[in-house]
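A.B. asks: what follows is a predicted structure for the sequence shown.
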Amino acid sequence: DSPMNFEKVLEKTSEYLSSVIPYSSDEIIQQIMEGTKIGATPLTHGFALPHFRAEGIEKPELVLVRAPNGVTIDVFNPLTHEAEET
């Protein structure tokens, strides 16, 4: 099997989160992608922790994703000014 695409993982997890917090799936994706683009997503040794903080959330929520074949993430390379898949 091939690795999962990060955007697909984000779509599925945001659908779940939108059922337990007062934000739509699209709003959740937007919040997480903003953090990812500015480098606020810890990523090391095959582990990533996309996250966000927002008003109106009364308790923390966590979604764990297990991807036996990995997840591909497009990362901006400042040396080539292009996105690269990792």
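C.D. replies: Sure, I can see it.
A.B. asks: contacts and neighbour counts: CA atoms only from here.
C.D. replies: Will do.
A.B. asks: centroid-nearest residue for the chain?
C.D. replies: P50 (4.4 Å; CA atoms, centre = their mean).
A.B. asks: mind checking the SS state of that residue?
C.D. replies: Put simply, P50 is coil when judged by DSSP: H, G, I helix; E, B strand; the rest coil.
A.B. asks: so how far is stretch 55-63 off the chain centroid?
C.D. replies: Centre-to-centre, stretch 55-63 and its host chain are 16 Å apart (CA atoms, centre = their mean, to the nearest Å).
A.B. asks: ends of that stretch, what's the gap?
C.D. replies: 19 Å (CA to CA, to the nearest Å).
A.B. asks: average pLDDT for that stretch, rounded please.
C.D. replies: The pLDDT scores in stretch 55-63 average 91.
A.B. asks: same check, this time on stretch 3-23
C.D. replies: Mean predicted confidence for stretch 3-23 is 93.
A.B. asks: switch to numbering from 17
C.D. replies: New numbering, starting at 17: the last item is stretch 19-39.
A.B. asks: quick one: the helices in the protein?
C.D. replies: 22-33, 41-53 (DSSP state H).
A.B. asks: and G86, which of those is closest to it?
C.D. replies: helix 22-33 (9.5 Å; CA to CA).
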